[in-house]
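**Q** no sequence on this one, just coordinates:
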């Protein structure tokens with residue numbers, strides 16, 4: 001009887017993780033797409049040097065970071081996938097959301113400084129709050145680059 005109860009709790013948590021995780025992810029993607037459209041004017045490049053028309057701009061470092069937690073369903077699916085190998089698609093969307101959100105936060109900082117572009121985009125990622133053998137936990141994604149701000153003639 002105790003085993004059936006534990007199985008019921010597991011299935012219930014798995015179902016709730018799937019339903020609420022999917023809803024939260026869908027909402028987050030919706031806001032990401034909306035904000036990406038709003039920041040389309042701030043060009044982000046991974047090139048080290050600015051394009052010729054931006055060479056006379058002032059520069060300063062900007063960054064954006066985000067911590068995204070994984071839901072219970074993704075932990076279970078990734079655990080099952082690790083038994084047979086292959087792509088961890090359940091974690092790929094987590095990383096995608098983290099990267100896109102970090103870029104948006106960096107672009108927001110650049111916009112607040114009056115920048116037209118961000119060059120030399122770099123990423124740093126790290127796993128946080130993961131417990132040994134208990135799945136990923138959360139990831140932090142840091143996006144940083146050099147904002148190019150137009151010089152106002154005096």
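**A** It's in. Keep in mind it's a predicted model, so treat the numbers as computed, not measured.

**Q** Can you show me the helices along this structure?
**A** Under the criterion DSSP state H, the chain contains helices at 2-38, 72-84, 89-112.

**Q** counting contacts, what elements does the first one pack onto?
**A** The helices and strands touching helix 2-38, judged by 3 or more CB pairs under 8 Å, 6 or more residues apart in numbering; DSSP states H and E, are helix 72-84, helix 89-112. C-betas here are computed from N, CA, C, even on glycine.

**Q** Give me the average confidence score over that helix.
**A** pLDDT averaged over helix 2-38 equals 87, rounded to a whole number.

**Q** Now do the same for the residue found closest to residue 77 once you drop the neighbours it is linked to in the chain: its pLDDT.
**A** In space, and not counting its chain neighbours, residue 77 is closest to residue 90: 4.4 Å by CB to CB, 6 or more residues apart in numbering. pLDDT for residue 90: 71.

**Q** just residue 119 next, same as before
**A** If you check residue 119, the pLDDT there is 96.

**Q** Contacts only, for the most centrally placed residue in the chain.
**A** Residue closest to the average C-alpha location in the chain (CA atoms, centre = their mean): residue 98, at 0.7 Å. By CB atoms under 8 Å, 6 or more residues apart in numbering, residue 98 lies in contact with 66, 68, 125, 139-141.

**Q** Buried among those residues? Make that a ChimeraX selection.
**A** Remark: buried members of the contacts of residue 98, expressed as a ChimeraX selection using 16 or more other CB atoms under 10 Å:
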select :66,68,139,140,141
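
**Q** Can you add distance to residue 113 and pLDDT and give the contacts of residue 98 back as CSV?
**A** Converted to CSV, those look like this (distance: CB to CB, whole Å; pLDDT from 0 to 100):
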residue, distance to residue 113, pLDDT
66, 19, 95
68, 25, 85
125, 25, 92
139, 27, 86
140, 23, 92
141, 21, 95
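
**Q** rewinding a little: kindly compare burial across the helices of the chain and name the winner.
**A** helix 89-112 (a mean of 19; mean count of other CB atoms under 10 Å).

**Q** ok and it relative to helix 2-38, angle-wise?
**A** 30 degrees (axes from the mean of the first three to the mean of the last three CA atoms, to 10 degrees).

**Q** just to revisit the earlier point, now the helices and strands packed on helix 2-38 in JSON lines, please, with extra columns for distance to residue 151.
**A** Shown next, in JSON lines, are the helices and strands packed on helix 2-38 (distance: least, CB to CB, whole Å):
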{"stretch": "helix 72-84", "distance to residue 151": "47"}
{"stretch": "helix 89-112", "distance to residue 151": "16"}
